[in-house]
Each structure stands twice: as C-alpha cells, then as structure tokens.
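**Q** Generate coordinates for the sequence data below:
(2 chains)
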2 protein chains.
Amino acid sequence: MSTNVENTPRVNRQFLLASRPVGDIKESDFEYKEAPVPTPSQGEALVRNLYLSLDPTNRIWMSDMVQYMPPVELGEVMRGVAIGVVEESKNLFLKPGDIVTGLLGWQDYALLKENQANFVTKINPPLPDPLFAAVGPLGVTGVTAYFGLLEIGQPKPGETVVVSAAAGAVGSVVGQIAKIKGCHVVGITSSDEKCQWLTSVGFDAAINYKTTDLNSALTNACPNGVDIYFDNVGGSILDTVMSHLNLFARIPLCGLISTYNSTEPVPGPYNFGLVLMKRLRIQGFIVSDYHNRWHEAIKDIGEWMKQGKIKQEYEIVEGLEKAPKEIMKLFNANKIGKLIIKIV
Amino acid sequence: MSTNVENTPRVNRQFLLASRPVGDIKESDFEYKEAPVPTPSQGEALVRNLYLSLDPTNRIWMSDMVQYMPPVELGEVMRGVAIGVVEESKNLFLKPGDIVTGLLGWQDYALLKENQANFVTKINPPLPDPLFAAVGPLGVTGVTAYFGLLEIGQPKPGETVVVSAAAGAVGSVVGQIAKIKGCHVVGITSSDEKCQWLTSVGFDAAINYKTTDLNSALTNACPNGVDIYFDNVGGSILDTVMSHLNLFARIPLCGLISTYNSTEPVPGPYNFGLVLMKRLRIQGFIVSDYHNRWHEAIKDIGEWMKQGKIKQEYEIVEGLEKAPKEIMKLFNANKIGKLIIKIV
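**A** Below you'll find the predicted structure:
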C-alpha cells in the first residue's frame, strides 16, 4: 500500500449534499466542488482519503427525518466512513503515515479539528490485508454484524437464524458468525448468483425472494421455525418472516433498507399482535452504540477470517467521482458483499 | 370468608363459547348451560368457584387468531381465571377446604383432572384480605405488572415511565411499582375521575386522552422524554407515545386492547423506523412466562401493600350470570381497577 504522495491532487474534490432525496437517490442530490487542500493549524491533522465506504445508512443521513445522528446539512460535505492516511499533523495523537478510519466524508482530504481527532480510529500495524477490510468485516459492517447477532440476537447452538439482505456486507458476516455459533442459517437475497455464493460460504440455505414464494421457501428451509431474524430490510419481508418466528424469537433490527426511499413513515409489521402472542423482542441498534467494545469484535472476526471461517466479497470501484452513481447499487440489490470506492 | 356449602347450587351453571366475536363481544357469543355437578374420580378434585376474574386477554382466547394459548373451542366452557375452594378431592395434592386459583372457567364447579392439578395454585394461609386480591395485585394482574415493568422495562431511578390503560388492574400497579422504584410516572386513561384516582395513588401526572391532545400533554408531563412505555393498548396511543421516547427506551408490550376487537390484523407503530433510529426495544410478554417466579412478585407486592405503597380498586359484581355483559366493560373503558364476578 503506497500513499502516493506524488500523485496528490492539488485540489480537494468534494461531494456536497445538494438536495434531500425524495424517494430514490439521484446523482443530482450531490454537488461536485473543488476546494483548496486545507492546511492544518495547531491541534489539527490533514488526512488523505484512500477508500470510501458506501453504506445503506448513508441514505438516512441525507434525509431530515428523525434519525440517530444529525442529518447532513445541505451544502455540507456528504458524510461517509472512509480510510485515510495522515499527511500532515499538528495533533498530539496523530502522525504522518498513520492509517485512520472514521467519518472522513466524500472528499479527497479531511481536515480533523483538534476535538475531532477522536472521531477517527487509528489502525495499528499489522494493517489488514486488504486494507479496505477495515471498512468491511474488520470495520463498521463486521462490527455491526457481530454485536447485532451476538448481543441483540443471543443465538444458541441449534437455533435457526434468518438474515435478510444476506449477501450484503453485514448480512453475509451475520450468517457466517451464526454458523460459527452452531446455528442453522438461512439467507434471503435477490438473485440465484447470490444464493450460490451464500451456500458457498456456509449458509445452510439461501432463498431468492424475487423468484420464489418466500413463505413456502421459509417453511422448507426452517423446519423448526425461526429463532432469530436479523433484519436489514423491513417491509413485506419482515411481515412474511414474522409468521415463521418461534416463541421468544428475537429480531435485531439493523436496517430498514426497503423503506429508506419511502416518502412517508412506514408502519411496523402487518400483524403486530404476534409480538405479544409470541413474546417477540424487536430491538433496534446502531453500531456506534458499541464504540467502546469495537476491539472485541475485531479481535474475534480477525481470528475467524484467519481460520477461513469468515469470507467477504468486495466490489471496489475506482474514482471518487463514481460515488453518487454507485451508491444507488445499495438500493437496487445489485451487488454481493461490500461496496467501496477507491479514491483515485 | 365462608364457603357456603349449604348454598351450593344443585346444578353447575356454565357459560360456553357459542361463537367467535366479530368485532366487539356480544352477550350472544356465550351460551348458558346447566350441567350436573361432576363427581371426582380417582386423582380428580372438585372445586367450587368463588370469584371469577374478567380480563382483556379473555377476548384473545375467544378468537381463533394466532395466540399464546390454544383458543377456547366452540361449545367449550369459557376459559377464565378464578378463585375456588376444593369441595371434594381424590387428588393427593388437594384437600377439601383448600383455596386455589387458576383457569377454573366460567362456571360454578370445575372438575380438576389428575394431570390438571398443577394448573391451579394453592393459596396458603394466611389468605389475602380481601380474598379476591388473589386474582388482582396478589395474582395474575399484579404479577403481570411486576415482571413486565421490572424484568422487561428495567426501570432506573429518575427515569420516566408512561403507562396506558393506567387505571386498569395492571396499569395502576405498574405505576405504583414504578414510583417505588424512583421513577417519574405518567398514566394515560380515559376520564377525569380516573385521572384523579391515579394522582391520589401517587402517579405524578395523569392524562385523559379523550379530552386532551395526548401529544402536547405528554410534552408537558414528560419534560425529559419517556424511557419506558408500558403498553396495554397499542394502536394510535402507541404511535403518539413513540415520538416521545428517548434513545434506548423500552416498550414492555403487555396488551393491545385497542386492537382485540379488530377484525383484521393491526399493523405496528406508524413510524416503525423510530425503533431503529432510537434503538428501541419492543418486547411482548405473557405473565405465564414467569410461572416459576410467581412467588417473588407476590412477596414484594404483598409487602408493598402492607406498607400502603400499592393500592387497588375493585369492582365486584355479584352473579355469574352477569359475566357475559360485564366483560364488555373492559373494552369501553368504563371502570377503575380490577373487575371481578362474585359467583353467587
């Protein structure tokens, strides 16, 4: 991994939030801008971004609905998790060459203010290989999968775990951890290709909900019912899985991607009475809630990856300028694994 | 308390389930029958019912929707929790004069089969005073309040607890336990009379949702937001309270009385995305889940009642024949405290 200082662009390319999406994201919701590369003052550090993570939660940040962080302001640099290298530092905790990850934004350069240095996490050597795993299984999506499944889901050996958006960056790790924990694991996804990939990484079954009757497919794939439904999507898939849940089943609610582009609030499960009758637990969570336990997840997942028990696919797209178009892929179900922009 | 053996009717008056209600319960959903008083065989015991508890969950048992117990069959004696006295016993564990509580049904006499003796709980002397507290705060409704609030809700001192159907048998005990635990407690109910009663037993505030704008009333009554919403009703009140919940708030889902008479499945909260954004926990429970910890609740509640920290109102209606009409009171919000039929 070279930091390519000699190729540093003279300008700081940025994408600002130009408008709040109505329904699907459009490229015109972002505005391209070339700003000067900032110079750090006392206490500040300059980070050059290397990889930008594209995540469904980006859509939440673009809206002004009630959410778990303040929304991105119009005219502000689009928020995004990235990996970068410190190029210049007047901050005590960061030195040139340090590799950091955090909310560095959709831009070539992030200027970390003195009080923002702890918004980034330093990645200590040995660096992950590939480095961009630090925004995948060894970063935000892996940690999401880990705590959502293990802390909220509380899987026990022999239980059945169903995960939606199973071929995605989070879902695929959820299923593989559930297998490590001795569960029967079924993934719901949107193409036969993804189904094949899921069973190749150890899922007991995978259902293409676009070509199959989900209800009868779940009956076949989950003969003992469902104990944990790790939900990334919400909507009608949640409704269908609800009717397969066992007593005392848990629903770690990680995402509601099917509803993010909705222009109206989306109601909860069609038959909400089941929550009472089956004594279900539905619990929302955000990975940042586990910020101070991050290392636990990374340690375990790193070990499992070394043992070949967790695999991850990546789609690496070169060019920051592609981000406004590529992000739409997250919503049209057109990828396997983790989507990352290589900033060149 | 006299067992009035000399007044024992010669017949066993029973109400059978005649039809499954569509919408509201009608008296014609029950069929009156006079059966012979049964004679216990080896292993069996005959119980004469004294008090019949009427509870919103009775409505669930009358339907054939997915539920937490098998529905009452058409033509079967209506299921109900009651207190009775053992009149005759050929069972090792029960002797004449024992006071028991359990699913004894809408009838004068229940014949306990050998394998049903453990469906009832023997109430050991000293008996509660009044005895019918054993189906109230010292029985099913008190235990429901206790575990729902303390185990599912996990209240911490200084937190704000909101409870719906607050003047009911469960809600009123929830609020009083929450006060004992140092919480700020707000009840939602349906009349000014009930509001006055709630503040008289220690609620910090009570809201008549029929005459007040619930949203602004909650803003006033819960200046620090809501940490626990103990929900007995579901529907639009749940929707409104949702927007007042703090991060990591808990919703012990105890009942959905606003929806039981609905003829269609009722969807979950209007803005389900809040579960994710606010990391809410919604958890259904049924008191029987805590069967083997029943004594913990009774011990604490009994102590609190002795100390005058928990008060309960009762509405005692004389005559088994009134049950089919009285049960409707549970759904038209027309009572304070616990509704009980005295079987005479």
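**Q** Let me know the outermost residue of chain A.
**A** Within chain A, the residue lying farthest from the chain centre (C-alpha atoms, centre = their mean) is residue A:42, at 33.7 Å.
**Q** Show the backbone phi and psi for that one.
**A** phi -50, psi 130 (degrees, to the nearest 10).
**Q** Touching, it and residue A:113? I think so.
**A** No: with contact defined as C-beta atoms under 8 Å, residue A:42 does not reach residue A:113; the gap is 10.8 Å. In this view, the C-beta of every residue, glycine as well, is placed from N, C-alpha and C.
**Q** right, is the helix or strand containing residue A:175 up against chain B?
**A** Per DSSP states H and E, residue A:175 falls inside helix A:169-180. No: Helix A:169-180 does not reach chain B (C-beta under 8 Å from any C-beta of the partner chain); its nearest approach is 13.2 Å.
**Q** Against which helices or strands is that helix packed?
**A** helix A:140-147, strand A:160-163, strand A:184-189, strand A:226-230, helix A:294-306 (3 or more C-beta pairs under 8 Å, 6 or more residues apart in numbering or on different chains; DSSP states H and E).
**Q** could you redo the last one with a cut-off of 7 Å?
**A** helix A:140-147, strand A:160-163, strand A:184-189 (3 or more C-beta pairs under 7 Å, 6 or more residues apart in numbering or on different chains; DSSP states H and E).
**Q** List the buried residues in it.
**A** A:169, A:170, A:171, A:172, A:173, A:174, A:175, A:176, A:177, A:178, A:179, A:180 (16 or more other C-beta atoms under 10 Å in any protein chain shown).
**Q** and the gap between residue A:96 and chain B?
**A** Counting by C-beta to the nearest C-beta, to the nearest Å, the separation of residue A:96 from chain B is 38 Å.
**Q** what's the helix or strand of chain A with the lowest mean pLDDT in contact with?
**A** Within chain A, no helix or strand scores below helix A:257-260, which has a mean of 83 by mean pLDDT, DSSP states H and E. The contact list for helix A:257-260, computed with C-beta atoms under 7 Å, 6 or more residues apart in numbering or on different chains, reads A:56, A:59, A:60, A:165, A:232, A:233, A:234, A:235, A:266, A:331, B:273.
**Q** Let's see that with 6 Å instead.
**A** Outside helix A:257-260, the residues that touch it by C-beta atoms under 6 Å, 6 or more residues apart in numbering or on different chains are A:56, A:59, A:232, A:233, A:234, A:235, A:266.
**Q** how about the residues of the stretch 1-150 of chain A near chain B?
**A** A:66, A:67, A:68 (C-beta under 6 Å from any C-beta of the partner chain).
**Q** at 8 Å instead, please
**A** Within the stretch 1-150 of chain A, the positions near chain B by C-beta under 8 Å from any C-beta are A:60, A:65, A:66, A:67, A:68.
**Q** thinking again about what came up before, for residue A:114, see how far away the residue farthest from the centre of chain A is.
**A** Residue A:42 sits 8 Å away from residue A:114, going by C-beta to C-beta, to the nearest Å.
**Q** how near is residue A:308 to residue A:201?
**A** According to C-beta to C-beta, residue A:308 and residue A:201 sit 10 Å apart.
**Q** Among the two, which residue is more densely surrounded?
**A** Per other C-beta atoms under 10 Å in any protein chain shown, whichever of residue A:308 and residue A:201 has more neighbours is residue A:201, with 19 against 7.
**Q** Could you verify my assumption that that one touches residue A:174?
**A** No: using C-beta under 8 Å, residue A:201 is not in contact with residue A:174; the gap is 11.6 Å.
**Q** Tell me which residue lies nearest the centroid of chain A.
**A** Closest-to-mean residue, chain A, C-alpha atoms, centre = their mean: residue A:141 / 4.2 Å.
**Q** Find the nearest non-adjacent residue to it, please.
**A** residue A:169 (3.9 Å; C-beta to C-beta, 6 or more residues apart in numbering or on different chains).
**Q** Could I get the contacting residues of that neighbour?
**A** A:55, A:136, A:137, A:141, A:312, A:337, A:338, A:339 (C-beta atoms under 8 Å, 6 or more residues apart in numbering or on different chains).
**Q** The fifth one - that's part of a strand, no?
**A** In other words, residue A:312. No: under the criterion used here (DSSP: H, G, I helix; E, B strand; the rest coil), residue A:312 is coil, not part of a strand.
**Q** Excluding chain neighbours, what is closest to it?
**A** Residue A:312's closest residue in space is residue A:137 (C-beta to C-beta, 6+ apart), at 4.8 Å.
**Q** who touches that neighbour in this structure?
**A** Neighbours of residue A:137 in contact, by C-beta under 8 Å, 6+ apart: A:145, A:169, A:173, A:301, A:305, A:310, A:312, A:338.
**Q** need those in JSON lines with pLDDT, can you?
**A** Below are these laid out as JSON lines (pLDDT from 0 to 100):
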{"residue": "A:145", "pLDDT": "98"}
{"residue": "A:169", "pLDDT": "94"}
{"residue": "A:173", "pLDDT": "98"}
{"residue": "A:301", "pLDDT": "98"}
{"residue": "A:305", "pLDDT": "96"}
{"residue": "A:310", "pLDDT": "97"}
{"residue": "A:312", "pLDDT": "94"}
{"residue": "A:338", "pLDDT": "93"}
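**Q** burial count for the closest residue to residue A:342 other than its chain neighbours?
**A** Spatial nearest neighbour of residue A:342, excluding adjacent residues (C-beta to C-beta, 6+ apart): residue A:318 at 4.8 Å. By the measure other C-beta under 10 Å, the count of residues near residue A:318 is 10.
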